[in-house]
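[1] pasting the sequence and the predicted model now:
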2 protein chains.
Amino acid sequence: MSNGGGGGGASSSTHLLDLLEEPIPGVGTYDDFHTIDWVREKCKDRERHRKINSKKKESAWEFTKSLYDAWSGWLVVTLTGLASAADWLNDLKEGVCLSAMWFNHEQCCWDSNETTFAERDKCPQWKTWAELILGQAEVSSYIMNYFMFTFWALSFAFLAVSLVKVFAPYACGSGIPEIKTILSGFIIRGYLGKWTLMIKTITLVLAVASGLSLGKEGPLVHVACCCGNIFSYLFPKYSKNEAKKREVLSAASAAGVSVAFGAPIGGVLFSLEEVSYYFPLKTLWRSFFAALVAAFVLRSINPFGNSRLVLFYVEYHTPWYLFELFPFILLGVFGGLWGSTRFGKYPVLEVITVAAITAIVAFPNPYTRQNTSELIKELFTDCGPLESSQLCQYRSQMNGSQAYPAGSDAAATPGVYSAMWQLSLALIFKIIMTIFTFGLKVPSGLFIPSMAIGAIAGRIVGIAVEQLAYYHHDWFLFREWCEVGADCITPGLYAMVGAAACLGGVTRMTVSLVVIVFELTGGLEYIVPLMAAVMTSKWVGDAFGREGIYEAHIRLNGYPFLDAKEEFTHTTLAREVMRPRRNDLPLAVLTQDDMTLAELQNIISQTSCNGFPVIVSKESQRLVGFALRRDITIAIENARRKQEGIMLNSRVYFTQHAPTLPADSPRPLKLRSILDMSPFTVTDHTPMEIVVDIFRKLGLRQCLVTHNGRLLGIITKKDILRHMAQMANQDPESIMFN
Amino acid sequence: MSNGGGGGGASSSTHLLDLLEEPIPGVGTYDDFHTIDWVREKCKDRERHRKINSKKKESAWEFTKSLYDAWSGWLVVTLTGLASAADWLNDLKEGVCLSAMWFNHEQCCWDSNETTFAERDKCPQWKTWAELILGQAEVSSYIMNYFMFTFWALSFAFLAVSLVKVFAPYACGSGIPEIKTILSGFIIRGYLGKWTLMIKTITLVLAVASGLSLGKEGPLVHVACCCGNIFSYLFPKYSKNEAKKREVLSAASAAGVSVAFGAPIGGVLFSLEEVSYYFPLKTLWRSFFAALVAAFVLRSINPFGNSRLVLFYVEYHTPWYLFELFPFILLGVFGGLWGSTRFGKYPVLEVITVAAITAIVAFPNPYTRQNTSELIKELFTDCGPLESSQLCQYRSQMNGSQAYPAGSDAAATPGVYSAMWQLSLALIFKIIMTIFTFGLKVPSGLFIPSMAIGAIAGRIVGIAVEQLAYYHHDWFLFREWCEVGADCITPGLYAMVGAAACLGGVTRMTVSLVVIVFELTGGLEYIVPLMAAVMTSKWVGDAFGREGIYEAHIRLNGYPFLDAKEEFTHTTLAREVMRPRRNDLPLAVLTQDDMTLAELQNIISQTSCNGFPVIVSKESQRLVGFALRRDITIAIENARRKQEGIMLNSRVYFTQHAPTLPADSPRPLKLRSILDMSPFTVTDHTPMEIVVDIFRKLGLRQCLVTHNGRLLGIITKKDILRHMAQMANQDPESIMFN
């Protein structure tokens, strides 16, 4: 047995009944790696709210305090939004503007004289860190460049992994599985602390700069949650209540996605669909506000428009045709297969090895050498007259005719074919490296690498379909809508659909993903192809892998996460899951008024469970309430310190009035204030599907089982998770925490 | 006391224990105007699912059936989406295209020779019904037109109200309050039936055509829900399960908004935030799909783009400035005040009277005579060179200079001032007429009239600020950003913000409203002004009126709706709310094995409660389970019909095995199969805030109250609602249904 936790209401009913007793410090807090009790936390918050509200008419000061309390929710999400947006400033840290240090890449290059689109990003004032050091030496030979590329990659990777190892081990990975677990009501101290924030921000820049196949979007969500957590300490309403704190964290994760993708609505839906557990409407509104603040600040920082808020802005000239749904669904299947890849199954390799291999293999191929975001942008972009990319070297362009848009001669040149080869190699490389990179002990996200893989696959398919349509334009499939010389296929759209499919396969997001891609690209027209691909990839992924990457990692780490999406479909009854099992020792229970302190301490020391039911008497087995081990221990220590005459043979009682005792007995110890008098109970006949539903929706830690009014046993969250693992033929011992 | 309903699991536990007993027909259904039991419905569905799944390997036919079952969810939302989109065809019914009957207004006029924007809508081929009849007579005098306008308005209004009264009284109003109540788990038979669908569709067109100040957006949601409900009858999975049916209805309401506004994402958020009660992630995805199907079909019907999918597409040339937040917030205050207007407080006037007054007063003013949607479109639109509206007669235009966009001389001409006067009169008229129109017995929505009122107010404020900035451009507020001769204020943006504020005040929507307006206008840039206004209007509305229009109507009608948004903040305990109260008769209970049929029937006939707790014995008061009145009655009738030897002195027992009876006693009656052996219980010390939470989250009908394992009383949903009404100083008797 495990897991204590008052079923709820302990504190509020206590205060009604024992107004004279002071609350014992420490009662109602949680240990590290334990599950919180949502009902109790929410009761605590309502009580705090009532106290402030009842006082507010007493004085101007109390009124100000109540106003501050009412507004602190908005304040904390505003601060979180602002801070999350500031994280984006780490774009600055990719390099430096020689003319004005505080300018970011785009602002730096805006004033430069290079005005063509392609050259704008390469203005001489902007230097990446590597360029800055290399640039002085005017290294021009390929071999030297190759060597320096690898050298810098290794240095950055080494620095990143050392910083993580020494200062903040929690800073590695994407952090989203842990955030999901924390939001579902689990305590991991320090996971969202200031050290994690600092080290993750720094090492994220290093890891990205080292050229490893990882993205910074997932870690940005973690960083935003750290900001939310830290700001929540400014407001007692949030710092002292684990349930309220999680409302801030939900909003922070929305702000994180808003910053990462410039997608405020997508961020809110991501938080709702993927990350959050308890998401009341108030949080929806606050998350939206936080996401908007973040997006607005981003916009203000970077007022020149085209780079952020719509990260990969696309504008296609041709609509899509119904027939094209077939290749789109194929891309969805590819995405689903990618999503059922088991990341992290492989032993954790040395970061340096992976970084070295990445650098060595990546350099010769322009598509792997390049920054991943820029690669995605290039793949998404439709071929226009100004497009100098190798992917756009069609015959019409080679002829020098500027008659675009028309695609009047969409035949590919050898340039396109060599680009296709390089893309295929890049695809294989990216797939292999991403599988090995995810799981390294550095901050790493899967969003951008997955999108890149999907975009490459999509562009390849797109060009293939385009050439097919060009050379077989009289085939029945193309005849109707693809006239000779017309530009009827947009390979960039295929890249977009492929990217969405791969991202969907990995994360199993649905609505939020479509909205994110739509906000990312501005392509409201293409929502149907996107949906078709995302749905296919989800179904294929579910069929092969059963669970998304986050759920898989939660399970690997043994966190107690009761997934709201997974349905419990078995016919077990509560009595089959409850402890004690048939041949176990009987349940450790306390009686309400006939135990001595020695007996109580004996029970506590001989058992390991986190809480004990309190019953009227051993004979009747009628349930009175539930007391937590942690609370009992604290209360006994507190009584020993403050009350005189407490001895080992003192009577312990949970009733309102002390039992009648012999005249010479020592002073009894009243423990009613820590008794939860409203524990949740179910009958032994209750189907487990209902019990699981109650645990999920109310956020319980444990539930007592009765039969005809008599106490029979207890079911904890851990028991449920173990039972579910057993039913799915998994090892029940993989659930490690309470 | 009231409300029976197994706490859940009755059927599934029953089947485990009594495999040989056949289910009794009728057990587990609900009466009209009763609350459903979500837990039991979900259990029933899981059991059905398990049955189909276990059979699917038996034969190809069973496998097909299981596939059909798995896909029926997608099928039903697709059908609903398609049907909802088809509702939009009632745009057709506003008139007829003389050249091709099946063309809608825009398609009809597309081929016409009038190519200027303003003239396109007025092509000679398109005739509204009124024009068609009037047009033949070539009436040209103002008086004659005036008379005919009024005559047609009265005829349409009379026809609409008669049809509603005779055929489908449920077709009146917007229907959203009732849909909210139904989705929260209430049965109103016929509210979503085929008659309501037909009559509402027809009378909606008539009501809109009669020129009454009402919109068709709300009723379109009702119509979409009717479609969803009717299609759900094709699939036993949905027709036989009230909880599953509500998933379809949630998706249908999303499709309805998607059709009404061309806003698929806004529709999903509307369904989530405003309408739905139980909204699992699966429903999110399905709702999104339904909304998209609807939007996609709309798009296909009307391929010429500019009218639908972005209903009021706007394109402004100037950004907004921080100072402008002040007038935007003022508009928010106006919206909040509008939202706290008490619609429907006035006696229900005769439709004809209102229609006559509307027509007589509306005709002289061009802004009230015009179609409301077109008015909103005009108010939202920025003044461009092609704009012929009186609102755009600035001096720059009067000079005949085509140097737009520049607004180089934004001084208003007398034309604008007279337009302002007309707008002010229109505002007053619209406010008064909308207040009296809402509540008439015709289909009527508040969305479009509210938006129109807000847009008028916004445009007036916008023009005022514009002229202020023009004449005081050196004032410190304008100096920095408003150069002489520059176009720095966009009155159309003010209209948009005002419309959002008024809609927000009435409905108290937040995120969904911002997203709808953003999808409606395409103005992602203006999301911050929109949010500021919507938030202000919500706060002002909450401060004055406490509740939105839908909640107010639900309360007026006495529906049992437990609002998830409203927090329960009192400190009452369960024992203070439960029945029996202190001086009441004791709770009617059944004992598990020592009652005769006569005693049982006696208890049933003497009480009016919907269910009875079953206890071990009167002495111990230990709870065994809960049995519903409806189920007991059906089971007794069934036994009398099918089993011989059941007499009035037959022993009734709920236990597994029959009690030992004297040798000459008649055959006993076993009622275990209708006993819910897992009723929900709470202790008498449980704070009501927790009880309310449990009821909301699990969708309970009733909950039993125990003390130390003994049964004390019962709390039903109605008891909770009455208690809440009492705490809010309202009449508890206003809650009428169970």
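    Sure, I can see it. Residues are numbered from 1 along each chain as shown, chains lettered A, B, ... in the order given.
[2] now do the contacts for the residue nearest the centre of chain A.
    Nearest to the geometric centre of chain A sits A:I176, at 2.8 Å (CA atoms, centre = their mean). For A:I176, the contacting residues are A:G218, A:V221, A:H222, A:E274, A:V275, A:Y550, by CB atoms under 8 Å, 6 or more residues apart in numbering or on different chains. Where C-beta positions appear, they are placed from N, C-alpha and C, glycine not excepted.
[3] repeat that for 10 Å
    Counting by CB atoms under 10 Å, 6 or more residues apart in numbering or on different chains, A:I176 makes contact with A:217-219, A:221-222, A:225, A:253, A:256, A:270, A:274-275, A:445-447, A:507, A:549-550, A:553-554.
[4] among those, which ones are in helices?
    Residues of these located in helices (DSSP state H): A:217-219, A:221-222, A:225, A:253, A:256, A:270, A:447, A:507, A:549-550, A:553-554.
[5] and the gap between A:I690 and A:P25?
    38 Å (CB to CB, to the nearest Å).
[6] so which of those two has more stuff around it?
    A:I690 (26 against 9; other CB atoms under 10 Å in any protein chain shown).
[7] hang on, the earlier thing: restrict the contacts of A:I176 to contacts with chain B.
    Restricting the contacts of A:I176 to those adjacent to chain B (criterion: CB under 10 Å from any CB of the partner chain) gives A:E274.
[8] which residues in the stretch 501-650 of chain A form strands?
    Using DSSP state E, counting those that start in this stretch, the strands found in the stretch 501-650 of chain A span residues A:590-591, A:595-596, A:611-615, A:623-628.
[9] hmm, the longest one in reach of chain B?
    Yes - remark: strand A:623-628 sits within contact range of chain B at A:L623, A:V624, A:G625, by CB under 10 Å from any CB.
[10] what residues does the stretch 451-600 of chain A put near chain B?
    Near chain B, when you scan the stretch 451-600 of chain A using CB under 10 Å from any CB, you find A:510-512, A:514-515, A:518-519, A:522, A:524-525, A:527-528, A:530-531, A:534-535, A:538, A:564-565, A:567-574, A:592.
[11] list the contacts of the nearest residue in space to A:S537 that is not next to it in sequence.
    Spatial nearest neighbour of A:S537, chain neighbours left out: A:G335 (3.4 Å); criterion: CB to CB, 6 or more residues apart in numbering or on different chains. Neighbouring residues of A:G335 by CB under 10 Å, 6+ apart: A:450, A:453-454, A:457-458, A:497-506, A:533-534, A:536-538, A:540-541.
[12] just A:L585 next, same as before
    A:R579, A:Q606, A:T607.
[13] distance of it from A:P679?
    For A:L585, the distance to A:P679 - CB to CB - is 21 Å.
[14] just A:F288 next, same as before
    A:F288 is 37 Å from A:P679, by CB to CB.
[15] coming back round to it: so which of the contacts of A:G335 sit within helices?
    Of these, the ones assigned to helices by DSSP H are A:450, A:453-454, A:457-458, A:497-506, A:533-534, A:536-538, A:540-541.
[16] quick one: the longest helix along chain A to chain centroid distance?
    In chain A, taking DSSP H as the definition, the longest helix is helix A:60-87. Distance, stretch centre to chain centre, for helix A:60-87: 24 Å (CA atoms, centre = their mean, to the nearest Å).
[17] circling back to that earlier point, redo the strands of the stretch 501-650 of chain A as JSON lines? Include distance to B:A362.
    Shown next, in JSON lines, are these (distance: least, CB to CB, whole Å):
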{"stretch": "strand A:590-591", "distance to B:A362": "76"}
{"stretch": "strand A:595-596", "distance to B:A362": "82"}
{"stretch": "strand A:611-615", "distance to B:A362": "70"}
{"stretch": "strand A:623-628", "distance to B:A362": "67"}
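[18] most packed of the ones you listed?
    Most buried of the strands of the stretch 501-650 of chain A, by mean neighbour count (mean count of other CB atoms under 10 Å in any protein chain shown): strand A:623-628, with a mean of 26.
[19] between that strand and strand A:611-615, how big is the angle?
    In terms of direction (axes from the mean of the first three to the mean of the last three CA atoms, to 10 degrees), strand A:623-628 departs from strand A:611-615 by 160 degrees.
[20] that older thread, wait, is the residue nearest to A:S537 part of a strand?
    No - counting by DSSP: H, G, I helix; E, B strand; the rest coil, A:G335 is not part of a strand but helix.
[21] which parts of the strand or helix carrying A:Q467 are buried?
    Assessed by DSSP states H and E, A:Q467 sits inside helix A:447-471. Neighbour-count burial for helix A:447-471, with 16 or more other CB atoms under 10 Å in any protein chain shown as criterion, is recorded at A:447-470.
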